[in-house]
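Participant: just need the structure, nothing else, for what follows:
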Amino acid sequence: MTPPLRVAIVGAGPAGIYAADILTTKDPQASVDIFDRLPTPYGLIRYGVAPDHPRIKAIIVALHRVMENERIRFIGNVHVGVDLKVDELRHYYDAVIFATGAERDRSLRIPGEDLQRSYGAADFVAFYDSHPDREQTWDLSQQRHVAVIGVGNVGLDVARVLARSADEMLATDIPPHVHAVLADSSITDVHMFARRGPAQAKFTPVELRELDHSPNVQVVVAPEGMEFDAESEAALGRSKSLRMVVDVLSDWAMRDPRPGPHRRIHIHFLENPVEIAGTDGAVTGLRTERQELTGDGNVRGTGEFTDWDVQAVYRAVGYRSEAIEDLPFDTFRLVLPNEGGRLLDLDGEHIPGLYATGWVKRGPVGLIGHTKSDAAETIAHLLADAPDLTPAPHRGPVDIDALLADKGLPVTDFAGWDRLDAHELTAGEPVGRGRVKVTSRTEMTRIAARA
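Facilitator: Numbering: from 1, shown residues only. Below is the predicted model:
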């Protein structure tokens, strides 16, 4: 008789939690341990979504219900590939699913990218979301005009946080040190640059409209970039969402400037960044080349250049996944090589018992909801493979817990997350805020471990 399936999932963001939910629903005997290198679950919902996006953060409510399943355990503060090797995991689980996401910035690959005040968007997001393993100091006091390169939702988040007043953010869960940095900001103008036209923008309508909700921010769309070719018009006919985006941009391009003191967000289409200029090792400008549409939705350079006076550049051109020790990695696509979620070795052969889901499977594209269909595909293949998988020699929760204890790892569990969650909510009450985040890994672990 085949024993009940035991599966480890590495990564406790939406991708990993959805996979656990689908697996335990499809197989009522299966049990899952979800590992994360952070002491908290929810991944980019907690550490990648802008604090002024409570609508998206509310997804945590649904994820919490999944994690309450008695056949799903959360094991935090364990860095798989470092604290716990992949081969070790395979002694305790019949299959391992990697859902480690994408947290680092892709390179822009232009001169000047490594200058001081040339930032990756992921680093700034990690700062304002207070990721415990990332840089928690920032200085906006020397920046009046800044550039944001990229026209996806991450670029919108970065531009919006840079432009909004610090006091507007007090209604969110930003910690005091982030509020202090925003309050000290000298920024007056944020310039967003897109290499292609408005019909190729990656915004979603809701996120784009939110850019203009602040009474302290004026959004200005440069009309000279509002150009469309045959493929652009065809794309507008195919996508209602894209048509809504373009309608909003067109309205903003035609309206008159609003009087009064405020910060401005300028959106420039058909401007390709080609060089970040610097003096004494720090950013002092950005050069772009004017582009023209080629009829098929692509662009080419015109040889016309513009120099922009900016003191910082925020690169929001996409995230990338990181390699995991002892696993193959596709260095071109920056994902774990896989076929429908089944991991592949360097010869393109399936690796029995190893799977991937989410952004580390398909790249950092799509919204959170897209990870459900990703997970469904991966789980379907895992269940199809299950009869042929080699059962793990050590099968019980007690076994893996003993191994972690022997390693001396300060492991957190889901009950610990509930304690930390309650602590943060309580800390927000005296100051009239929904939550005040704990930012130190040590302090988070201490609170989560409290009896």
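Participant: show me the strands in the stretch 151-300 of the chain, by range?
Facilitator: 189-193, 217-221, 263-268, 271-279, 282-293, 299-308 (DSSP state E, counting those that start in this stretch).
Participant: wouldn't residue 85 be in contact with residue 403 here?
Facilitator: No - in this structure residue 85 lies outside contact range of residue 403 using C-beta atoms under 8 Å: 10.9 Å. For the C-beta atoms, the positions are set from N, CA and C on the backbone; glycine is no exception.
Participant: among these two, which residue is more densely surrounded?
Facilitator: For the pair residue 85 and residue 403, the greater number of neighbours falls to residue 403 (16 against 13), based on other C-beta atoms under 10 Å.
Participant: ok, then the element right after the helix or strand hosting the more buried one?
Facilitator: Element membership for residue 403, per DSSP states H and E: helix 397-406. Using DSSP H and E, the next helix or strand after helix 397-406 towards the C-terminus is helix 414-428.
Participant: how about the helix or strand following that next one: buried residues?
Facilitator: Secondary structure here is assigned by DSSP H and E; on that basis, the next helix or strand after helix 414-428 toward the C-terminus is helix 441-449. Buried residues in helix 441-449, defined by neighbour count with 16 or more other C-beta atoms under 10 Å: 441, 444-445, 447-449.
Participant: please apply the same query to stretch 55-62.
Facilitator: Buried positions in stretch 55-62, judged by neighbour count with 16+ other C-beta under 10 Å: 56-57, 59-60.
Participant: again with stretch 340-347
Facilitator: 341-344.
Participant: related to what we said a few turns ago, using pLDDT, spot the least trustworthy of the buried residues of helix 441-449.
Facilitator: Taking these together, the minimum pLDDT is found at residue 449 (84).
Participant: gap between that one and residue 443?
Facilitator: 11 Å (C-beta to C-beta, to the nearest Å).
Participant: again with residue 38
Facilitator: The spacing between residue 38 and residue 443, counted by C-beta to C-beta, is 13 Å.
Participant: what do you get for residue 411?
Facilitator: Using C-beta to C-beta, residue 411 is found at 16 Å from residue 443.
Participant: likewise residue 294?
Facilitator: Following C-beta to C-beta, the distance that separates residue 294 from residue 443 is 54 Å.
Participant: same question for residue 233.
Facilitator: Applying C-beta to C-beta to residue 233 and residue 443 gives a distance of 55 Å.
Participant: before we move on, what about residue 80?
Facilitator: Using C-beta to C-beta, residue 80 is found at 23 Å from residue 443.
Participant: sorry, back to before: put together CSV for the strands of the stretch 151-300 of the chain, with distance to residue 199 on each row.
Facilitator: Formatted as CSV, the entries for the strands of the stretch 151-300 of the chain read as follows, by distance: least, C-beta to C-beta, whole Å:
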stretch, distance to residue 199
strand 189-193, 16
strand 217-221, 14
strand 263-268, 14
strand 271-279, 16
strand 282-293, 9
strand 299-308, 11
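Participant: most tightly surrounded among those?
Facilitator: Sort the strands of the stretch 151-300 of the chain by mean neighbour count, taking mean count of other C-beta atoms under 10 Å, and strand 189-193 sits at the top with a mean of 25.
Participant: parallel or antiparallel, list what pairs with it.
Facilitator: Applying DSSP bridges, strand 189-193 is found paired with strand 145-149 (parallel), strand 263-268 (parallel).
Participant: residues in contact with it?
Facilitator: By C-beta atoms under 8 Å, 6 or more residues apart in numbering, the surrounding residues in contact with strand 189-193 are 144-151, 155, 159, 162-163, 263-268, 271-273, 286, 288, 308, 310.
Participant: how are the helices of the stretch 201-350 of the chain distributed by residue range?
Facilitator: In order along the chain, the stretch 201-350 of the chain carries the following helices (DSSP state H, counting those that start in this stretch): 205-210, 230-238, 240-254.
Participant: can you redo those as a markdown table with mean neighbour count and distance to residue 14?
Facilitator: Written out in a markdown table, the entries for the helices of the stretch 201-350 of the chain read as follows (neighbours: other C-beta atoms under 10 Å; distance: least, C-beta to C-beta, whole Å):
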| stretch | mean neighbour count | distance to residue 14 |
| --- | --- | --- |
| helix 205-210 | 17 | 17 |
| helix 230-238 | 14 | 28 |
| helix 240-254 | 16 | 21 |
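Participant: mean pLDDT added to these, as a markdown table?
Facilitator: Rendered in a markdown table, the data for the helices of the stretch 201-350 of the chain read as follows (pLDDT from 0 to 100):
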| stretch | mean pLDDT |
| --- | --- |
| helix 205-210 | 90 |
| helix 230-238 | 93 |
| helix 240-254 | 95 |
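Participant: report all helices and strands that the lowest-mean-pLDDT helix or strand in the chain contacts.
Facilitator: Least confident helix or strand, the chain: helix 54-57 with a mean of 73, by mean pLDDT, DSSP states H and E. Contact partners of helix 54-57 among helices and strands, from 3 or more C-beta pairs under 8 Å, 6 or more residues apart in numbering; DSSP states H and E: helix 44-47.
Participant: centre-most residue in this protein?
Facilitator: For the chain, the residue sitting closest to the mean C-alpha position, by C-alpha atoms, centre = their mean, is residue 48 at 4.4 Å.
Participant: what about the residue lying closest to that residue once chain neighbours are set aside, neighbour count?
Facilitator: What sits nearest to residue 48 in space, not counting adjacent residues and going by C-beta to C-beta, 6 or more residues apart in numbering, is residue 125, at 5.9 Å. Close neighbours of residue 125, defined as other C-beta under 10 Å, add up to 25.
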